[in-house]
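Student: The following comprises the amino acid sequence and a computationally predicted model.
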Amino acid sequence: MSSAVAAVAPLIAKKARRADSMIFALNALLYAAWTPHIPAIKDRLGLHEGTLGLALLGAPVGALIAVIVTGPALSRWGSVKILRITMIGFAASAPLVGLADSLPALFGALVIFGAFQGSMDVSMNTQAVTVEHRYGRPIMSSFHAIWAIGAAVGAGLGSLALAIDAPLALQQAALGVIMVAGMIVLGRWLYADDHVPEAEPGRTDTGRRLSWLSPRLIMIAAIMFAALLCEGAAADWAPLYLRDHVHAPEELAGLAYTAFALAMFVGRAFGDRWVARFGGARVVAVLAAVGAVGLTVGLLSGHTAVVLAGLALYGLGIACIVPVCLSAAAVEAGRTGSPAGPALALADGTGRTGFLLGPTLIGGLAHVTSLPLALGVLPVFCAGIVLASRVLRR
């Protein structure tokens, strides 16, 4: 490589990193902005906790569709093209949730919303892995730190919209315009995905396609599922828990996810340094244990301030799991001589399914027991992550 090319390469990588970071922020912003509206939607449509949980099942159904479609699409067209398509689709589908006037309509809107969000999520993480490879050092946590900022801002905007009685559909349409504008501006700076290796001599095409599906990758995907189930459940049910069981004011209840997301940002802001120093497996195990203890104490206390503090520790506890798992999935794909795209689609898509299935699980459990008892399942998932974290050792 000439000195001129060597000097330009870091600048190109920095631009790609900034562009994909902003895409992470937009994804989080559009998703999180609707979560403070969930209690109002529940009341407007006359739903109880069980039927609300059923409605929220629409999003994981959409995510499953996205997992099936996005992996092969990434291998064929690359993350840049898929991102452009899914960002437009995500923006267009966002107002549908606010327009839903019945349980079936809400379910259908969330299927579409979840499918585009899930596909966009897989694509932007595939792009992040490519950028991290060009950097040559851990930077994955930084992308997810930006996602946490976007989620906190989105939840804050949603709470503000509630305070001024702004319709959810109008709010999401306005944010969708920002999403499309971002796609137009940021898309030009993204990288083409890393080269897909040729098949080995004598190896069938089917064998090559399945070579990435190793037991270790399946375990990584399982950890992703548990971690993002915990994250999704906190996003959707923490505001209701504060309002209906701790009896916090609705505006303060809307800050539950904000506290959680801001703590996730702190963890992810320092995550790359922690992973470089201590290793991903150790970081995941220690933080997941902190999150389990913090949420348990918060739920047992029943006091608003302690619950918010517990949610913050819980957010810190699961902050680094997804970035570490995605990097580990890409490394595992490299070990099998396979492209990263399908492996990331499995890990990220499985995790995204957990993210969207979590609210439904908690809703069903809350209906047959109580919401505090249902939320008590989440520290158990964190404990399971602690036990399984060894698979993340490189």
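Tutor: Arrived safely, thanks for sending. Numbers count the residues shown, from 1 in each chain.
Student: which regions of the stretch 101-250 of the chain lie under the pLDDT threshold?
Tutor: For the stretch 101-250 of the chain, the stretches flagged by pLDDT under 70 are 194-212, 250.
Student: again, only this time at 50
Tutor: For the stretch 101-250 of the chain, the stretches with pLDDT under 50 are 195-208.
Student: For residue 295, which non-adjacent residue is closest in space?
Tutor: Nearest non-adjacent residue to residue 295, counting by C-beta to C-beta, 6 or more residues apart in numbering: residue 314, 4.1 Å away. Yep, even glycine has a C-beta here, placed from its N, CA and C like the rest.
Student: Name all residues that make contact with the one you found.
Tutor: Residue 314 makes contact with 230, 234, 260, 263, 291, 294, 295, 298, 378, 382, according to C-beta atoms under 8 Å, 6 or more residues apart in numbering.
Student: Roughly how far does it sit from residue 264?
Tutor: With the distance defined as C-beta to C-beta, to the nearest Å, residue 314 ends up 9 Å from residue 264.
Student: Which pLDDT value does the model give residue 382?
Tutor: Here, the pLDDT recorded for residue 382 equals 95.
Student: Check which helix or strand it maps to.
Tutor: Residue 382 belongs to helix 377-388 when assigned by DSSP states H and E.
Student: What score does the closest residue to residue 113 other than its chain neighbours have for pLDDT?
Tutor: Excluding its sequence neighbours, the residue lying closest to residue 113 (C-beta to C-beta, 6+ apart) is residue 93, at 4.8 Å. Here, the pLDDT recorded for residue 93 equals 96.
Student: Quick check: residue 93 touching residue 108?
Tutor: No - using C-beta atoms under 8 Å, residue 93 is not in contact with residue 108, being 10.4 Å away.
Student: What residues sit buried inside the helix holding residue 382?
Tutor: For helix 377-388, the neighbour count (16 or more other C-beta atoms under 10 Å) marks 377, 378, 379, 381, 382, 383, 384, 385, 386, 388 as buried.
Student: Distance to residue 87 added to those residues, as JSON lines?
Tutor: Output for these, formatted as JSON lines (distance: C-beta to C-beta, whole Å):
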{"residue": "377", "distance to residue 87": "34"}
{"residue": "378", "distance to residue 87": "31"}
{"residue": "379", "distance to residue 87": "35"}
{"residue": "381", "distance to residue 87": "31"}
{"residue": "382", "distance to residue 87": "32"}
{"residue": "383", "distance to residue 87": "37"}
{"residue": "384", "distance to residue 87": "34"}
{"residue": "385", "distance to residue 87": "31"}
{"residue": "386", "distance to residue 87": "36"}
{"residue": "388", "distance to residue 87": "33"}
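Student: Out of the residues you listed, which comes closest to residue 104?
Tutor: Minimum distance to residue 104 across these is 27.8 Å, recorded for residue 377 (C-beta to C-beta).
Student: Pretty sure residue 23 sits against residue 83.
Tutor: Yes - using C-beta under 8 Å, residue 23 is in contact with residue 83, at 6.7 Å.
Student: what do the two both touch?
Tutor: With C-beta under 8 Å, 6+ apart, residue 23 and residue 83 have common neighbours 124, 127, 183.
Student: Which strands and helices lie in contact with the longest helix out of those in the chain?
Tutor: Longest helix of the chain, by residue count under DSSP state H: helix 58-99. When contacts are defined as 3 or more C-beta pairs under 8 Å, 6 or more residues apart in numbering; DSSP states H and E, helix 58-99 sits against helix 3-32, helix 103-135, helix 168-186, helix 340-368.
Student: Can you say which of these is nearest to residue 87?
Tutor: Here helix 168-186 is closest among the helices and strands packed on helix 58-99 (C-beta to C-beta), at 4.1 Å.
Student: ok, residues contacting the closest one?
Tutor: Helix 168-186 is touched from outside by 19-20, 22-23, 26, 29-30, 33-34, 37, 40-41, 83-84, 87-88, 90-92, 94-99, 154, 157-158, 161, with contacts defined as C-beta under 8 Å, 6+ apart.
Student: Please pick the buried ones from the residues you listed.
Tutor: With burial judged by 16+ other C-beta under 10 Å, the buried subset of the contacts of helix 168-186 is 19-20, 22-23, 26, 29-30, 33-34, 37, 41, 83-84, 87-88, 90-92, 94-98, 154, 157-158, 161.
Student: hang on, the earlier thing: wait, which of the helices and strands packed on helix 58-99 is closest to residue 392?
Tutor: The closest of the helices and strands packed on helix 58-99 to residue 392 is helix 340-368. By C-beta to C-beta, the value is 11.5 Å.
Student: what does stretch 282-297 contact?
Tutor: By C-beta under 8 Å, 6+ apart, stretch 282-297 touches 223, 230, 267, 271, 274-275, 306, 309-321, 324, 375-376, 378-380, 382-383, 385-386, 389, 392.
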